[in-house]
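Peer 1: here are the coordinates; sequence isn't available:
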């Protein structure tokens, strides 16, 4: 704050676990909504990068923390691969430690998730020694506010977070793609055991299906137990005593959000919450005011989130397409 990097300080942020079966974590950070940069209007799931709109090549030098690169060994030489990937502070943070990953910033990639960037996200989460380190991201029409490829990383120290303990059953005909169980909205799950490239391919296959089908999505990555763990608790409020053993990815296809700029600039009382990646994929619920923070119930949260999920028929159609594609491929 003293260097003028952030739009507000985080001294007023508070969190509480919302009573109920899911264990939602409410987060009171009103300045996140009142002080953030106005989002751009998105009209399509895939839009060309527009250099005239805000993008992360315009951030101030003091906002850039460092860059990351993969290293490879060629004939005994340890060399860095290609262009670096920017790590910058989020000037309107959700909570402490909130940064942005911008893959290959000078390539000016639109907000369409790529295979290589998904693999990079998996690698970064798995490299962290902090069990609360996680990634969240939104597609266009799913609350992405900047059409320049980016991912959010932050620390969430809540072992009861719903995304850490939900279960899954493997989708027929696939390897490594799970249909979520014990979750409040329909979605897919993936788990990284040891091979980030294979896991990224499985995620990217579903992301590609969603793009072809015109379906927006929210995504998160965090540490947790295997989806198929028979010893995983049936009650998300009681996480396993063992430390999280792998990186799990939660991918939520959802209904499109049009007129994002108008949602933030609306006249009258604000909605209790916005259903983006934190809310739909993680179960972290940032709210706009202390009254909502103190009084919001699990029933109210679930009702708002379910308004954004695909219908059972829409989701089943995606599962069938995914199964058919993999059966044909095999």
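Peer 2: It's in. The structure displayed is predicted, hence computed values, not measured ones.
Peer 1: would you agree residue 181 is in contact with residue 167?
Peer 2: Yes: between residue 181 and residue 167 there is a contact at 4.3 Å, judged by Cβ atoms under 8 Å. In this view, the C-beta of every residue, glycine as well, is placed from N, C-alpha and C.
Peer 1: of these two, who's got more company?
Peer 2: Set residue 181 next to residue 167 and count neighbours by other Cβ atoms under 10 Å: residue 167 wins out with 21 against 12.
Peer 1: quick one, phi psi at the more buried one?
Peer 2: phi -100, psi -180 (degrees, to the nearest 10).
Peer 1: if I look at it, what pLDDT would I see?
Peer 2: Residue 167 carries a pLDDT score of 90 in this model.
Peer 1: repeat for the one 4 residues further on
Peer 2: Confidence at residue 171, expressed as pLDDT, is 93.
Peer 1: just checking, it touches residue 181?
Peer 2: No: in this structure, residue 171 is not within contact of residue 181 by Cβ under 8 Å, at 12.0 Å.
Peer 1: distance of the residue nearest to residue 186 when sequence neighbours are not counted from residue 58?
Peer 2: Residue nearest to residue 186 in three dimensions, not counting chain neighbours: residue 315, with 4.4 Å by Cβ to Cβ, 6 or more residues apart in numbering. Here the distance between residue 315 and residue 58 works out to 38 Å (Cβ to Cβ, to the nearest Å).
Peer 1: more neighbours: the two, which one.
Peer 2: Set residue 315 next to residue 58 and count neighbours by other Cβ under 10 Å: residue 315 wins out with 18 against 10.
Peer 1: that one is in contact with residue 185, isn't it?
Peer 2: No: Residue 315 is beyond contact range of residue 185, at 9.4 Å (criterion: Cβ under 8 Å).
Peer 1: quickly list what's touching both of the two.
Peer 2: residue 309 (Cβ atoms under 8 Å, 6 or more residues apart in numbering).
Peer 1: hang on, the earlier thing: let me know the secondary structure of the residue nearest to residue 186.
Peer 2: When classified by DSSP: H, G, I helix; E, B strand; the rest coil, residue 315 comes out as helix.
Peer 1: could I get the contacting residues of it?
Peer 2: Residue 315 neighbours (Cβ under 8 Å, 6+ apart): 186, 253, 309.
Peer 1: center of the chain, which residue is that?
Peer 2: residue 136 (2.2 Å; Cα atoms, centre = their mean).
Peer 1: per-residue confidence for the closest residue to residue 174 other than its chain neighbours?
Peer 2: Of all residues not flanking residue 174 in the chain, residue 326 sits nearest, at 5.0 Å (Cβ to Cβ, 6+ apart). On pLDDT, residue 326 comes in at 70.
Peer 1: let me know the distance separating residue 326 from residue 20.
Peer 2: Counting by Cβ to Cβ, the gap from residue 326 to residue 20 is 36 Å.
Peer 1: repeat for residue 97
Peer 2: Counting by Cβ to Cβ, the separation of residue 97 from residue 20 is 27 Å.
Peer 1: pLDDT weak spots in the protein?
Peer 2: 1-4, 6-8, 10-12, 31-39, 73-81, 229-244, 260-270, 327-330 (pLDDT under 70).
Peer 1: which stretches of it form helices?
Peer 2: Per DSSP state H, the chain carries helices over the ranges 31-34, 115-127, 162-165, 196-213, 260-265, 277, 290-295, 298-306, 312-329.
Peer 1: just the buried residues of the second one, please?
Peer 2: Of the residues in helix 115-127, 116, 117, 118, 119, 120, 121, 122, 123, 124, 125, 126 count as buried by neighbour count, 16 or more other Cβ atoms under 10 Å.
Peer 1: what helices or strands is it leaning on?
Peer 2: strand 99-102, strand 133-138, strand 151-155, helix 196-213, strand 217-224, strand 246-253 (3 or more Cβ pairs under 8 Å, 6 or more residues apart in numbering; DSSP states H and E).
Peer 1: out of those, nearest to residue 272?
Peer 2: Nearest of the helices and strands packed on helix 115-127 to residue 272, taken as Cβ to Cβ: strand 217-224 at 17.8 Å.
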